[in-house]
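Visitor: sequence below, structure please.
(2 chains)
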Amino acid sequence: MLNEHDIKALLQRVISRSSGDETEVLFLGLDEALTRFANNEIHQNVAETNFSLVVSVALGKRIGMASTNNLSDAALDQLVERATMLARLQPENPDFPGFAPPVAFPEGRQAFDEATASATPELRAHAVGEVIRYALDRGVVASGAFSTSRYQWAIATSHGLFAWHPLTLAELTIVAMTETGSGYAADAAWQVAQIPVAQHGKIAVDKALASQNPRELAPGDYPVVLEAAAVHDLVAFMGGGANGMNVAEGSSWMSGRQGQALLSPTITLVDDPDAPEHLPIPFDFEGTPRQPLTIIREGVVGDAFYNRQWAAKTGHAATGHGTPPVSPFAPGSAMGRMMFPMHLTLQAGDTSVEQLVSNMERGLYVTRFNYTRPVHPREMVVTGLTRDGTFWIENGEIAYPVKNLRFTQSYVEALQNVAAVGDTLHREPGYASFTRNPALQLTQFRFTGKTEF
Amino acid sequence: MNDLLALALNRAQLLGAAYADVRTLTAREQSVSVRNGVVEGVGELENAGFGVRVLVNDAWGFASSAIVTAKEVERITAEAIAIAKASASYQQRRVYLGPPEVHQAVYRTPVEIDPFTVSIEDKIALLLEADRLMRAEASVKVAQGNLVCLRKHQTFASTEGSTIEQEIFETGGAIMALAIANGEIQRRSYPNVFRDQHAEGWEFIQRLDFVGNAPRIGAEAAALLSAEQCPNQVTTLILDRTQLGLQIHESCGHPTELDRVFGTEAAYAGTSFLTPEKLGVFRYGSEIVNLTADATTPGGLGTFGYDDEGVPAQRVPLVREGLFVGYLSSRETATQLAQLRGEDPSLSRSGGAMRASGWNRIPIIRMTNINLEPGTWELEDLIADTDEGIYMETNKSWSIDNLRLNFLFGTELAYEIKGGKRGKLYKNATYTGMTPEFWGACDAICNANSWGLWGVPNCGKGQPSQTAHAGHGAAPARFRNVRVGVMK
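Guide: As a prediction, the model looks like this:
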């Protein structure tokens, strides 16, 4: 594995080969290991060592990009040559703001845990084994995945910027099933020891048993208690919608509404790399320091996030949310410099989950949502299904399990209808990171279809 | 390279593997994207590495690396063995692979024009011209276009004695117009949302004619801004072939994946309502519905010579005259199914659907080309035969439950059909249903004249996640008594 010194030397070798007016080089390295189990046995157990160099060369405002995972001198020459050739062949991009200048990154918390980085297949198998044993003893079928990974991200530009950051990440998902019931638990943290695997296994298995023999419920509008895992979906969609490009173009739920008291005053959504437990990543994939952002403050629509190009185009400051110009580990995926939040937290309230239930006369208790997709971006209308434990609440108590339902609901409206906010933040794995969310009680949620299970 | 393959297989056997295979893969991708008259990205990506899969004590191990050296091959092979041994402690059943698959072969995607030989300037000029034409409509605030070409060179070798070399080409692209006014947003894409992609050369892009279609796409996006909301009602629905491709993907392709059926995707993608006891007896659709997994369809994104277990490409019937008759399978799941059905697992062969998204991923069951066989109708005759209904085109939103039963899909464009003619334009069209009821209500499928392939370059499955490329052939079809217009 390359260290900081090796990577810095490598990036400088690339920059020194470039005859472009400006050059940016990204190093993305990973060692990922994942143990996957199903039917109470481990069925896929994999490991990967991978890295990629992504070089962007600018000739004036013409930018070419090339990527490789071959670090030989000949390959590096070819990489720079190819990016330069691609730059030469294209028209100017008037919106190109230049590559990042040097900047002093604040000394932040570390997010590298040696125990996570060196976790063995045996460690993961042993942890998963505890879940399997608990499930087997109760006649439940457990499935899931437990991963331990280490990453190194580095960036250098011809303006003298160099930044390097190592981090580790452990993630767990468990789905437990009986003939007619299912349960779920998930977690993510940069220290593997922070994930109580067996405890999560117990939650999933116990819920699978509790959700057996569900009754049918007609679609309609119901009050709901959403567990934190279900709230993750609202947070991910609303947080992802704070994209400065979409806001400027008028296609975001935020467009034209910044400063308005649009949502419940109980809702505050931030993207904060310094928030406790989040991965403290000091810079984005363009070399901009990651800034804390308040997307919703007590129901008032707040700030959007911007990469360098859209910051320059709209007269804002870049917020440190830029993505790499390419997804180098997934050949076949299209490219482009995008932006994305990685540190979303919906702030907790002061009501326990038990109280959220006991406060409700009649309504639904939802563990999580599945296969959610936007139907209309402006009002953030989303459709999806409940999954892994849906229950009817009657007179402040969980009365019985119900079959899963399809919902088609505006998430903007949902966050206007907040009755209470849970007092505990849960880490829920998501794309490239995790969110931290409390449970929510909503006065109304629209269910538009039903399933057979 | 073959020395390294042999080294991996020898080491695996020495360390106790009952079976092992190794794949090396070099992928080259070139992409161009434009947005509102500006070139957003032009890039080339190269990625190479290898993956070793081993079977030890009835447990699988897989490890992979981007460092292609003899020393790293030895390290990764040992890691795969260690992983398999760790897994074996929690293995409850024996793994059978069926009859050996021994092939010495070379396969190459047939291409007329190598897409990498077309100049970057020509690719940019094509997209910028389409972009300009879409923005001729004042309300089109965002125009986008993208082109992608991909070449993958893969060598597979196994301890059973196979050595298979494949070179796969893919070419794809799309244009998109987003019209925005007064808080309303409407999108039109051509030829499909994200893009359409084929296992072909540049000739595919030439056929798409972006420039010729751009004015229509811009105009349709603009017209949708003032269109009526799709009514919420139960009616007759005609789907164009691209939306029908998505319907096939979600409600036939995924539920026939045998790994889902056996629960190994339960925690992520889900399971399937098409459980083994339904095989050969369950009515999936009406008698005119015939669905086939065909890895040999020319130009399909699920077309190859051999899958990533070294099994030859095949045509596998999934639904025949409405009856559910087949699965997408791997060597291991084919034997599991045989055991369940009381058949001899040592004779049972895979349908050839094991595919990995790269050298760094273990193969899992993926769609090949899942095709709806053509029917007998001309599209205009079908519309003329429909008194009242809705025609929907181009996917906009898709969601289906984890057993693949309850779905809700949205499309970019919809027209009223009244008295056998297309009527007014509708926006925000959606339709919803349950898979067997929906396919059971299919009473007409158009003929080969309007049958075409669509390539899906973004099918997600697996942990760690794998993005697969699959194909779908379909012609427009009619479905009775469908709930449409579900919105918030």
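Visitor: C-alpha only now, for contacts and for neighbours.
Guide: Fine.
Visitor: hang on, A:Gly244 packs against A:Trp310?
Guide: Yes: with contact defined as CA atoms under 8 Å, A:Gly244 counts as touching A:Trp310 (6.8 Å).
Visitor: show the end-to-end separation of stretch A:337-354, please.
Guide: 44 Å (CA to CA, to the nearest Å).
Visitor: what's the mean pLDDT across it?
Guide: Model confidence over stretch A:337-354, given as mean pLDDT, is 95.
Visitor: flag every buried residue along it.
Guide: Within stretch A:337-354, the residues that count as buried by 16 or more other CA atoms under 10 Å in any protein chain shown are A:337-349, A:351-353.
Visitor: of those residues, closest to B:Ile370?
Guide: A:Met338 (32.4 Å; CA to CA).
Visitor: and the closest residue to that closest one other than its chain neighbours, how many neighbours does it have?
Guide: Closest residue to A:Met338 apart from its sequence neighbours, by CA to CA, 6 or more residues apart in numbering or on different chains: A:Thr323 at 5.3 Å. A:Thr323 has 17 neighbouring residues, counting by other CA atoms under 10 Å in any protein chain shown.
Visitor: dump the residue contacts of B:Ala384.
Guide: B:Gly419, B:Gly420, B:Lys421 (CA atoms under 8 Å, 6 or more residues apart in numbering or on different chains).
Visitor: once you drop chain neighbours, what's closest to the second one?
Guide: If I follow you right, that is B:Gly420. B:Gly420 sits nearest to B:Ala384 (CA to CA, 6+ apart), 3.7 Å away.
Visitor: check A:Leu26 too.
Guide: Closest to A:Leu26 by CA to CA, 6+ apart is A:Ile155, at 4.5 Å.
Visitor: tell me what the one you found is bridged to.
Guide: A:Leu26, A:Ala163 (DSSP bridges).
Visitor: wait, doesn't B:Pro345 sit right on B:Val95?
Guide: No: using CA under 8 Å, B:Pro345 makes no contact with B:Val95, being 10.0 Å away.
Visitor: neighbour count: those two, which is higher?
Guide: Ranked by neighbour count (other CA under 10 Å), B:Pro345 and B:Val95 place B:Pro345 first, with 22 against 18.
Visitor: and the more buried one, how close does it get to B:Leu258?
Guide: 15 Å.
Visitor: and if you look at A:Ala125?
Guide: 25 Å.
Visitor: buried residues, stretch A:100-107. List them.
Guide: Buried residues in stretch A:100-107 (16+ other CA under 10 Å): A:Ala100, A:Pro102.
Visitor: right, is the host helix or strand of B:Thr394 up against chain A?
Guide: According to DSSP states H and E, B:Thr394 maps onto strand B:388-400. Yes: residues of strand B:388-400 contacting chain A under CA under 8 Å from any CA of the partner chain: B:Lys396, B:Ser397, B:Trp398, B:Ser399, B:Ile400.
Visitor: okay, these in JSON lines with neighbour count and pLDDT next?
Guide: Converted to JSON lines, those look like this (neighbours: other CA atoms under 10 Å in any protein chain shown; pLDDT from 0 to 100):
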{"residue": "B:Lys396", "neighbour count": "24", "pLDDT": "95"}
{"residue": "B:Ser397", "neighbour count": "21", "pLDDT": "94"}
{"residue": "B:Trp398", "neighbour count": "22", "pLDDT": "94"}
{"residue": "B:Ser399", "neighbour count": "24", "pLDDT": "96"}
{"residue": "B:Ile400", "neighbour count": "26", "pLDDT": "96"}
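Visitor: reformat the residues you listed as CSV; add distance to A:Pro429.
Guide: Shown next, in CSV, are the residues of strand B:388-400 next to chain A (distance: CA to CA, whole Å):
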residue, distance to A:Pro429
B:Lys396, 26
B:Ser397, 23
B:Trp398, 22
B:Ser399, 20
B:Ile400, 21
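Visitor: closest to B:Gly452 among these?
Guide: Using CA to CA, the residues of strand B:388-400 next to chain A come closest to B:Gly452 at B:Lys396, 19.3 Å.
Visitor: which residues touch that closest one?
Guide: B:Lys396 touches A:Val375, B:Val193, B:Phe409, B:Gly410, B:Thr411, B:Glu412, counting by CA under 8 Å, 6+ apart.
Visitor: cool, and B:Ala293?
Guide: By CA under 8 Å, 6+ apart, the neighbours of B:Ala293 are B:Gln314, B:Arg315, B:Val316, B:Pro317, B:Leu318, B:Leu328, B:Met367, B:Thr368, B:Asn369, B:Ile370, B:Asn371.
Visitor: contacts for stretch A:124-137, please.
Guide: In contact with stretch A:124-137 (CA under 8 Å, 6+ apart) are residues A:35, A:37, A:40-42, A:141-142, A:146-147, A:176, A:197-198, A:201-202, A:205, B:86-87, B:90.
Visitor: in helices, which of these fall?
Guide: A:Val197, A:Ala198, A:Gly201, A:Lys202, A:Val205, B:Ala86, B:Ser87 (DSSP state H).
Visitor: and the two most separated of those residues?
Guide: A:Val205 and B:Ala86, at 23.5 Å, using CA to CA across the ones in helices among the contacts of stretch A:124-137.
Visitor: so which of those two has more stuff around it?
Guide: Neighbour count, other CA under 10 Å: between A:Val205 and B:Ala86, A:Val205 has more, with 31 against 25.
Visitor: grab the nearest non-local neighbour of the more buried one.
Guide: A:Ala176 (5.2 Å).
Visitor: same check, this time on B:Gly161
Guide: Using CA to CA, 6+ apart, the closest residue to B:Gly161 is B:Val102 (5.6 Å).
Visitor: ok, now how distant is that neighbour from chain A?
Guide: 24 Å (CA to the nearest CA, to the nearest Å).
Visitor: now the strands for the stretch 351-453 of chain A?
Guide: A:362-376, A:381-394, A:397-401, A:405-410, A:418-421, A:426-430, A:433-437, A:440-450 (DSSP state E, counting those that start in this stretch).
Visitor: show me the contact partners of stretch B:202-211.
Guide: B:111-115, B:118, B:126-127, B:129-130, B:133, B:171-175, B:190-191, B:198.
Visitor: return the subset of those lying in helices.
Guide: B:Leu126, B:Leu127, B:Glu129, B:Ala130, B:Leu133.
Visitor: tally of neighbours for the third one?
Guide: In other words, B:Glu129. The number of residues near B:Glu129, taken as other CA under 10 Å, comes to 15.
Visitor: in what helix or strand does B:Ala27 lie?
Guide: strand B:19-35.
Visitor: for residue 172, which non-adjacent residue is spatially closest?
Guide: No chain was given, so I picked chain A. A:Phe146 (4.5 Å).
Visitor: to clarify, I was referring to chain B.
Guide: B:Gln197 is the one closest to B:Gly172 (CA to CA, 6+ apart), at 3.8 Å.
Visitor: now do the contacts for the one you found.
Guide: So B:Gln197 contacts B:Glu170, B:Thr171, B:Gly172, B:Gly173, B:Leu301, B:Trp454, B:Gly455, B:Val456, B:Pro457 (CA under 8 Å, 6+ apart).
Visitor: distance of the last one relative to chain A?
Guide: Here the distance between B:Pro457 and chain A works out to 7 Å (CA to the nearest CA).
Visitor: could you pick out the residues of the stretch 51-200 of chain B near chain A for me?
Guide: Checking the stretch 51-200 of chain B against chain A by CA under 8 Å from any CA, the hits are B:59-67, B:80, B:82-84, B:86-88, B:90-92, B:120-121, B:124, B:141-142, B:146, B:148, B:150, B:180, B:183-185.
Visitor: what's the local residue count around the closest residue to B:Pro298 other than its chain neighbours?
Guide: Leaving out its chain neighbours, the residue that sits closest to B:Pro298 by CA to CA, 6+ apart is B:Ala199, at 7.8 Å. Residues contacting B:Ala199 under the criterion other CA under 10 Å number 27.
Visitor: got the phi/psi numbers for B:Ala199?
Guide: Main-chain dihedrals, B:Ala199, degrees, to the nearest 10: phi -80, psi 70.
Visitor: check what pLDDT the nearest residue to A:Asn213 once chain neighbours are set aside gets.
Guide: Counting by CA to CA, 6+ apart, A:Asn213 lies nearest to A:Thr180, which is 5.6 Å off, once chain neighbours are set aside. On the pLDDT scale, A:Thr180 is placed at 96.
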